[in-house]
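>>> Quick one, fold the following:
(2 chains)
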Protein chains: 2
Amino acid sequence: MLCEKHIFSSGVNNINCEKITSRKNPKIAAACSLADKKSRDSTGLFVAEGIKLIKELILEGVKIHRLFFTEKAKNRFYDTLIKAQEAGCELYEVTDEVYEKLSAEKNPEGIFAQAQKTSVYGSCADTPGSGGFLILDGIQNPSNVGTVIRTASALGISRILLGEGCADIFSHKTLRASMGSLFKVHICITEDLCGEIDYLKKQGAHIYAAMLDKDSTDIRSAEFSRDDCIVLGNEGNGISDKVSAVCDRKVIIPMQLGTESLNAASAAAILMWEKQKGVLE
Amino acid sequence: MLCEKHIFSSGVNNINCEKITSRKNPKIAAACSLADKKSRDSTGLFVAEGIKLIKELILEGVKIHRLFFTEKAKNRFYDTLIKAQEAGCELYEVTDEVYEKLSAEKNPEGIFAQAQKTSVYGSCADTPGSGGFLILDGIQNPSNVGTVIRTASALGISRILLGEGCADIFSHKTLRASMGSLFKVHICITEDLCGEIDYLKKQGAHIYAAMLDKDSTDIRSAEFSRDDCIVLGNEGNGISDKVSAVCDRKVIIPMQLGTESLNAASAAAILMWEKQKGVLE
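So this is what the prediction gives:
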């Protein structure tokens, strides 16, 4: 038996949890395996670390199956653990050594969740919410994907469409950069980005490709409507030819002479800001 | 003798370089030690990796003392090596094993420079260039520091003032995120940020602190003059109390209800864009 059942109390509530002391515990192995996209895809689960992110999961109603935490974290994050337990989450106190196996952080806070992936839609037609999509074409860096989703959410863009070649939204780095905003927006993932863009155009949206071409429209003169969409391309290569061919507008951020480009997430922030600044309260 | 002198030729030019085969070679050890800020501070040197960044160093006239490269990189980046050699740089071909010791990259391109730090100014009064400063107060994440410098440079802000607690501008991560823009702008580093802000105010600039306080001015209503400055604070804690006390304006990016904040570099991009969009050509 790898787990030792014990109960401790603090205040009026009780945390009823098992203690895991072995790094070979199957629950630990299962959680660790979720660092791998294949495991996430086959199980429908993902993992998230850190109190801020885990609080967001609880706030947004994401189903957390298991929480693993160190003794120190148990005392520090007692209220969060009680809330999670009440919502039906299994709690496991783990030794520092076991936690180290789970963690991907340099300075971990000692709290780690295994949760059920939230809904991802397969077509724009099925995606709830309203307003134009932010469209990502081959954004490979998970931190960039997370950061642009965080910015979109903050600026009131609630629908994100990801084409092929984008980083997995449920990876550790994407989740950390998105700071929980991933669970505030509606995500659509497609293998047919051109087809989805065609659909959006037929619905009356203009599709603005963020390009560095000189014949692109200066973002300062763009007049966005609510349902218009912005497409961001790969960090090094920009938007793919086949995708740019189906976009009906091209837009550029004017830059100082001698500057090659902006960071993808910074450019995205400026573009989304220009689209949304008129509608934010 | 650790180095084997040899000459090879390709086209009309010759690369005259020694070959380093030992990971214990003192030149390798010296270059490796520059990953550490203390070594950079005591020697006045820094290291930079990757062809894009190294081309920028050459373009901006940064003095490169030594270039280390693998055999593969020697053939691939021949023109750059010739240019560097003509500018007086020492060239060293290294084995893959030696290169691995130098490199901080997952997928290295096999070219690594040791260069002389560029000028950093100690006060705003001494800093060349014109126009308002971007002011960083305790931005700890080196990638954020690099990214905001890159954005500033692209948007025509050519002077950056860093206070205490900011990441070292010559660290690997800062350099990588700045993509060479570090050498296009003028950097001032101070231990007396409040004193420098006072100086800038006396010169007629308004100092806009980026704050999340509800009584801050909506960025959409801010009217920036050319010499006005924007202050960005620490990723978690924002601008320090003592610094915000000397700023004469507070500014906020309006956000969707339920959003706590934006990524520091993304917020910086929007703020700098709002200040600069009227003056960019």
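
>>> Tell me the residues of the stretch 51-200 of chain A that contact chain B?
Residues of the stretch 51-200 of chain A lying near chain B by Cβ under 8 Å from any Cβ of the partner chain: A:Thr147, A:Arg150, A:Thr151, A:Ser153, A:Ala154, A:Leu155, A:Gly156, A:Ala177, A:Met179, A:Ser181, A:Lys184. Placement of C-beta: from N, CA and C, glycine included.

>>> how does it look with 6 Å?
Counting by Cβ under 6 Å from any Cβ of the partner chain, the stretch 51-200 of chain A comes close to chain B at A:Thr147, A:Arg150, A:Thr151, A:Ala154, A:Gly156.

>>> Enumerate every residue touching the fourth one.
Translated: A:Ala154. By Cβ atoms under 6 Å, 6 or more residues apart in numbering or on different chains, the contact list for A:Ala154 reads B:Met255, B:Gln256, B:Thr259, B:Leu262.

>>> Among the residues you listed, which lie within helices?
Among the contacts of A:Ala154, the subset assigned to helices under DSSP state H is empty.

>>> biggest separation within the residues you listed, which pair?
B:Gln256 and B:Leu262 (10.7 Å; Cβ to Cβ).

>>> quick one, which of those two is more surrounded?
Neighbour totals were compared for B:Gln256 and B:Leu262, and B:Leu262 leads with 26 against 17 (other Cβ atoms under 10 Å in any protein chain shown).

>>> Got the phi and psi for that one?
B:Leu262 adopts backbone torsions of phi -100, psi 160, taken as degrees, to the nearest 10.

>>> can you give me the strands for chain A?
Per DSSP state E, chain A carries strands over the ranges A:3-10, A:13-20, A:45-49, A:64-69, A:90-94, A:111-116, A:133-137, A:159-162, A:186-189, A:207-210, A:217-218, A:229-233, A:249-252.

>>> lowest-confidence stretch among those?
Mean pLDDT values for these show the minimum at strand A:3-10, a mean of 44.

>>> Show me the helices in chain A, by range?
Going by DSSP H, chain A shows helices at A:26-33, A:37-43, A:51-59, A:71-76, A:78-86, A:96-102, A:142-154, A:172-178, A:193-202, A:241-246, A:264-276.

>>> Put together a markdown table for the ones you listed, with mean pLDDT on each row.
Shown next, in a markdown table, are the helices of chain A (pLDDT from 0 to 100):
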| stretch | mean pLDDT |
| --- | --- |
| helix A:26-33 | 97 |
| helix A:37-43 | 97 |
| helix A:51-59 | 93 |
| helix A:71-76 | 95 |
| helix A:78-86 | 93 |
| helix A:96-102 | 96 |
| helix A:142-154 | 96 |
| helix A:172-178 | 94 |
| helix A:193-202 | 98 |
| helix A:241-246 | 97 |
| helix A:264-276 | 96 |
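
>>> Quick one: residues contacting the residue nearest the centre of chain A.
Centroid-nearest residue in chain A: A:Leu182, 3.9 Å away (criterion: Cα atoms, centre = their mean). Contacts for A:Leu182 were tallied using Cβ under 6 Å, 6+ apart; they are A:Ile149, A:Ile169.

>>> Recalculate using a threshold of 10 Å.
A:46, A:48, A:53, A:56-57, A:60, A:62, A:118, A:145-146, A:149-150, A:153, A:160, A:169-170, A:174-175 (Cβ atoms under 10 Å, 6 or more residues apart in numbering or on different chains).

>>> A:Ile64 too?
Here A:Ile64 is in contact with A:48, A:54, A:57-58, A:84, A:87-91, A:113-116 (Cβ under 10 Å, 6+ apart).

>>> shouldn't A:Val148 be in contact with A:Leu161?
No: taking contacts as Cβ atoms under 10 Å, A:Val148 lies outside contact range of A:Leu161: 11.9 Å.

>>> higher neighbour count, these two?
With neighbours defined as other Cβ under 10 Å, A:Val148 and A:Leu161 compare such that A:Val148 has more, 30 against 26.

>>> How about that one: what's its closest non-neighbour residue?
Using Cβ to Cβ, 6 or more residues apart in numbering or on different chains and skipping residues adjacent in sequence, the residue nearest A:Val148 is A:Ala268, 4.5 Å away.

>>> distance of that neighbour from A:Asp192?
Here A:Ala268 is placed at a distance of 23 Å from A:Asp192 (Cβ to Cβ, to the nearest Å).

>>> Kindly report the same for A:Ser153.
According to Cβ to Cβ, A:Ser153 stands 25 Å off from A:Asp192.

>>> thinking again about what came up before, which one, of the strands of chain A, ends up nearest to B:Lys74?
Here strand A:229-233 is closest among the strands of chain A (Cβ to Cβ), at 32.1 Å.

>>> Pairing partners for the closest one, with directions?
Paired with strand A:229-233 in the same sheet, following DSSP bridges, are strand A:133-137 (parallel), strand A:207-210 (parallel).

>>> sorry, back to before: redo the strands of chain A as JSON lines? Include distance to B:Glu109.
Listed next are the strands of chain A as JSON lines, based on distance: least, Cβ to Cβ, whole Å:
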{"stretch": "strand A:3-10", "distance to B:Glu109": "48"}
{"stretch": "strand A:13-20", "distance to B:Glu109": "43"}
{"stretch": "strand A:45-49", "distance to B:Glu109": "32"}
{"stretch": "strand A:64-69", "distance to B:Glu109": "39"}
{"stretch": "strand A:90-94", "distance to B:Glu109": "40"}
{"stretch": "strand A:111-116", "distance to B:Glu109": "35"}
{"stretch": "strand A:133-137", "distance to B:Glu109": "25"}
{"stretch": "strand A:159-162", "distance to B:Glu109": "28"}
{"stretch": "strand A:186-189", "distance to B:Glu109": "31"}
{"stretch": "strand A:207-210", "distance to B:Glu109": "26"}
{"stretch": "strand A:217-218", "distance to B:Glu109": "34"}
{"stretch": "strand A:229-233", "distance to B:Glu109": "22"}
{"stretch": "strand A:249-252", "distance to B:Glu109": "28"}
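
>>> So for A:Gly50, what's the pLDDT?
95.

>>> What's the local residue count around A:Ala29?
A:Ala29: 11 neighbours (other Cβ under 10 Å).

>>> repeat for the one 10 residues further on
The local packing of A:Ser39 (other Cβ under 10 Å) involves 16 other residues.

>>> Pull the contacting residues for it.
Contacts of A:Ser39 (Cβ under 10 Å, 6+ apart): A:Ala30, A:Ala31, A:Cys32, A:Ser33, A:Leu45, A:Phe46, A:Val47.

>>> Show the pLDDT at A:Leu212.
A:Leu212 is given a pLDDT of 86.

>>> Burial check on it, number of neighbours?
Around A:Leu212 there are 16 residues (other Cβ under 10 Å).

>>> who's in contact with A:Leu57?
A:Leu57 neighbours (Cβ under 10 Å, 6+ apart): A:46, A:48, A:63-64, A:67, A:84, A:89, A:113, A:115, A:118, A:175, A:180, A:182-183.

>>> got those residues as JSON lines, with distance to B:Ala210 columns?
Shown next, in JSON lines, are the contacts of A:Leu57 (distance: Cβ to Cβ, whole Å):
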{"residue": "A:Phe46", "distance to B:Ala210": "33"}
{"residue": "A:Ala48", "distance to B:Ala210": "28"}
{"residue": "A:Lys63", "distance to B:Ala210": "36"}
{"residue": "A:Ile64", "distance to B:Ala210": "34"}
{"residue": "A:Leu67", "distance to B:Ala210": "35"}
{"residue": "A:Ala84", "distance to B:Ala210": "34"}
{"residue": "A:Cys89", "distance to B:Ala210": "37"}
{"residue": "A:Ala113", "distance to B:Ala210": "32"}
{"residue": "A:Ala115", "distance to B:Ala210": "33"}
{"residue": "A:Thr118", "distance to B:Ala210": "31"}
{"residue": "A:Leu175", "distance to B:Ala210": "25"}
{"residue": "A:Gly180", "distance to B:Ala210": "21"}
{"residue": "A:Leu182", "distance to B:Ala210": "24"}
{"residue": "A:Phe183", "distance to B:Ala210": "26"}
